[in-house]
Every structure is written in structure tokens, then in C-alpha cells.
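S.K.: Task: produce atomic coordinates for the following.
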Amino acid sequence: MSSKNKTRRQLARTLISGVLVALSMPPWGWWPLAFVGLAMFTSLELTTSGPRQRFTTGFVFGLGWFFPALAWMWFLTAPGYIVGVAMYASLHGLVSLAVIRGDNNRSFLFLSPAAHMLIEVLRMCAPFGGVPLATLGISQVGGPLHRVASIGGVILLSWLTWQVGALLAKRPRDFSVDHQHRRMLWALCLLIFVGSYVAPRGSNTGRDFHVVAVQGGGPQGTRAINTNPRDVVERHLAATRTINNNIDNPIDLVVWPENVIDVADFETSDELAEIGAEASRLNAPFAVGITEDVNREHFTNAQVIVTTDSEATSRYDKVRRVPFGEYMPMRSFLKSLGAPVDQVPRDALAGTEPAFLDVPTSASNERIGVVISWEVFFGGRAREGVKNGAGFIINPTNGSSYTWTVLQSQQVASSKLRAIETGRWVVQISPTGFSAFVDPEGNVYQRTGVSEQKVISRDIAIRSGQTLYVALGDKPWIALLALVFLIGLINRSKTRPRH
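M.R.: Numbers count the residues shown, from 1 in each chain. Alright, predicted model coming up:
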């Protein structure tokens, strides 16, 4: 076989390995393919020679992974999608360039997964606050490793997935491996897996909350600037009016999705009176998503509790905003290049308060966590609400701007991760889907279809206690990854053969 054909064949296999990882994620969800793809990629990394080939291997793997798994970005910003995928793939290319050395690869089996995961941590944080979608953790939420999230969140779960994939890789004959390292790594993976099934996950308090979630329905692929906001309100009012309160099982909370109400001032709006009337009819408070004007350049995105007396009480303003969706980074610069910045005419103001709401009850108040839409992809937002005493979590969202179901499916998977991480029920509610209830084990109930008008309800347990992830957060696991990476570099340097 000629050298050129061999190179093409290697690149094709590398691309396939990345596509296999993408197919392990929602909406496809074939989670075992993550291990196949990572094992295949690791083997290919080990057979590369020369800096250019090493970088290309990581880069092409990233393209196969991110082009399908981040396809939702096309509907947000097509140029940003192309740039983002190329940038993330390039970062993995740089890792492949750094971790392989022809003279000594004895530390590779733990050095490479740690290094690639540090890049994934960077992707979760930057730029513009990060894009924590299409992660390996999301791919494994339906597999046997999912409980690891209760210990170390998406970071530990993603690393464990990559580490197992690397250990399963077929190694070339001339690959020098430290068998002690290999045995230790398998033992560590097994310890984490077993530990996740005995680690604390919180407990039921003995109290239940009867929650009703309202999905108004309507078309997808729409933008706020092209939509009459009153149409969205009417759909949700129509669905809400089909609800009847059962005396034997009274409703404790009705939840509407993110920014269903778009008004200048909610306190003086007709919509507050309409929702208050429904709250009075059902004798239950509402949690509703509102968008309010601040000025010509800014608006707010919040979730508000409306009582049976038509009063807006507890309020949470969204902290994590969607770049290029709720605010336009580098607006002046992009406008000078002719970019369509008018699709996001105003920027959302970021909230500053902790992620919880207080729901009035007959006794006093029940504290619930709240992560609005994009925030569900960030484990720290749900963790903050639970640390402040939340007994369950709501995720009001709005995915109506996106066509297909890549983003919406990954959001359901992220709600499952947040439920497992925190040991709490999660209620996800969207105007056009998907809406669902998720229990602390990550099981999904009453998932709605896209664009349908649907009301779902369930008695969910109020829970207390902390998982290890709630207690520790992400920082210890990031530090551990960095330490493993440094140990790998030092070990490789010390054991490099002398010439």
C-alpha cells in the first residue's frame, strides 16, 4: 500500500472514531459507541509519526465528534458553528501533538485521557462562558457509569469514559507500556464505578409536591423577533384551562416554561392578572418564565412565582446567558464585519442571585432550585440551588428557536445528569418540547413530543441531604486531572531512555 493511501485510510478511520463518539450522544444515544470510538482513536494516536500527523489525528477526530454533536449551533450562528467546531477540534489536535513522543510512551495510557479531558474542561468554560454540550458525560447518562456523576459530576464521568476507552485500545507491538500503571488504572476505574453505587445520594423527606407542567405547543424553528409573544401566552393559557384541581390530590405548583411572557413590566401587565386568576382557580401558585424590558439595549429573563392573590413574589434572574442567543459578544466588532447582529437586537442582563425560588405552601414556603434553559448544562447552577436547601429543581426552557432535536435531546440528558449529581427530582418544561420529569436516578417520565400541546403532572418527592458532588463541586476533580497530567509528564521525562 502506498504511503498516500495509507495516510488516507488512517484519516478515514480517525474520522470514523470521532463520529462513533458523536453517535453515542443524544439524539442517537448509542452509549457503548463512545468506548469503541475512544479505543479506536487511542490506537490511532499511538501509530502516528511526526508532529503534523499527530496534530491531524486529534483534529480529524474532533471534527468527527463535534460536527454532528454540535449541529444545533447552526441555528444559533452558522459562522460560529464552523469556527467553534474547528477551534475545539484544533485543541484536541494540539493535545495529540503533545502527549505522543516516539522515544517514550510509557505514561500514555493515563497522560492522554487526562490531557484531552483538561481541554474538555476548558471547552466547558471558555470562550463566552463555555459550551458544555456534546460531552462524554452526556453520552453515558443512559449507561452503567451514570451514577459516577453523583461523585464528580460530568467531569469525573467524562474522564472515566475516556480512561476506560484508552485502556481498551489495541496497542501496536512496539508500544512500551508500564503494566503496573495499567493494573492501577483498571483498579481505579473499578473503584470509582463501585463507589458510585454506595456513595450518598440524599434521601426523601416524606413530603411530596404535586407539580403540573404546561407545554403550550407550537412550531419550532422560530425566533422571538419574528413571533407575536401573545400567541405563546394564549397557547399556554389554553392548555392551563384544561387542568382541574383534584381535591384528593391538590396541586402544589404549576410550572410554565422560560420567557413565555414577554412584556415591558410584568407587575403591571394583563398577563399577571390572567395567571393570577388561574392560580386562584386551581388554588396553586405558578412558576412562570418572563422577559421584561429594561431599556432599548437590554432585557431580563427571569422565573417568577405568582400566588393565588395575583402577586409576583419570589424571583430568579438567569445568570448564565446564551452567547449569540441572549446576548451578542463583540457586538460592535461583528457589526463592522457585516454580521447579522440584529437577530439579537438586545442583550439580556445577567442575574446575580442564588439559583432558587421560594414557593408558598399552607405551612410556610418550599424552596426549589431553578436552572433556566442553558443553565442546565452547567452543573454548578443546579448544585447552588441544592446547597441553599432546594428540595427539587425546575428547568424552564425554550428550545423553539432550534430545528431538529439535537439540542433538546441533549438537554433532557443534562437534566438527567443534574438529577443524579444533586440527588433531586428535576422538572423540565419547554413551550415546544421536550418536557419531562426526571427522578434522582436519572429515569425520565412523561416525556412530551415536539410541538404538541401537553399538560403533565406528577407527585415528586421533596428530598434533602447532599451527594459528594454537591459537597465538593468541580474544582477538586479539575485539580486532580491537572495533577495526573503533570505526573504523566514527569514520569515520561524520568523514564526517557538515554542515547
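S.K.: Below-threshold pLDDT in the stretch 201-350 of the chain: ranges please.
M.R.: 225-226 (pLDDT under 70).
S.K.: Okay, strands next: where are they in it?
M.R.: If you assign secondary structure with DSSP state E, counting those that start in this stretch, the strands in the stretch 201-350 of the chain sit at 203-215, 253-255, 261-263, 286-293, 298-306, 312-317, 347-348.
S.K.: Mind putting these into a markdown table with distance to residue 160?
M.R.: (C-beta placed from N, C-alpha, C; glycine too.) Written out in a markdown table, the entries for the strands of the stretch 201-350 of the chain read as follows (distance: least, CB to CB, whole Å):
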| stretch | distance to residue 160 |
| --- | --- |
| strand 203-215 | 25 |
| strand 253-255 | 34 |
| strand 261-263 | 42 |
| strand 286-293 | 35 |
| strand 298-306 | 34 |
| strand 312-317 | 33 |
| strand 347-348 | 35 |
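S.K.: among these, which is nearest residue 115?
M.R.: For those, the distance to residue 115 is smallest for strand 347-348, at 35.2 Å, taking CB to CB.
S.K.: Tell me which other helices or strands the helix or strand that that closest one is followed by touches.
M.R.: The C-terminal neighbour of strand 347-348 among helices and strands, as given by DSSP states H and E, is strand 356-360. Under the contact definition 3 or more CB pairs under 8 Å, 6 or more residues apart in numbering; DSSP states H and E, strand 356-360 sits against strand 298-306, strand 312-317, strand 365-370.
S.K.: Would you convert those strands into TSV that also reports mean neighbour count and distance to residue 157?
M.R.: Putting those into TSV (neighbours: other CB atoms under 10 Å; distance: least, CB to CB, whole Å) gives the following:
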stretch	mean neighbour count	distance to residue 157
strand 298-306	22	28
strand 312-317	20	27
strand 365-370	23	20
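S.K.: Hmm, residue 231 is touching residue 219, no?
M.R.: No: in this structure residue 231 lies outside contact range of residue 219 using CB atoms under 8 Å: 10.1 Å.
S.K.: what touches both of those two?
M.R.: Any residue near both residue 231 and residue 219 by CB atoms under 8 Å, 6 or more residues apart in numbering counts here, and not one turns up.
S.K.: Who are the contact partners of residue 153?
M.R.: Counting by CB under 8 Å, 6+ apart, residue 153 has contacts 137, 379, 417, 421, 469, 473, 474, 477.
S.K.: mind listing which of these are in helices?
M.R.: With helices identified by DSSP state H, the entries of the contacts of residue 153 that belong to them are 137, 379, 417, 421, 469, 477.
S.K.: Restrict the residues you listed to the buried ones and give me that as a PyMOL selection.
M.R.: Typed into PyMOL, the line below selects the buried ones among the ones in helices among the contacts of residue 153, using 16 or more other CB atoms under 10 Å:
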select buried, resi 137+379+417+421+469+477
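S.K.: closest to residue 128 among the ones in helices among the contacts of residue 153?
M.R.: Comparing the ones in helices among the contacts of residue 153 against residue 128 with CB to CB picks out residue 379 as the nearest, at 18.1 Å.
S.K.: Now do the SS call for the closest residue to the closest one other than its chain neighbours.
M.R.: Counting by CB to CB, 6 or more residues apart in numbering, residue 153 is the residue found nearest to residue 379 once chain neighbours are left out, at 4.6 Å. Reducing the assignment to helix, strand or coil with DSSP: H, G, I helix; E, B strand; the rest coil, the entry for residue 153 is helix.
S.K.: No further questions, thank you.
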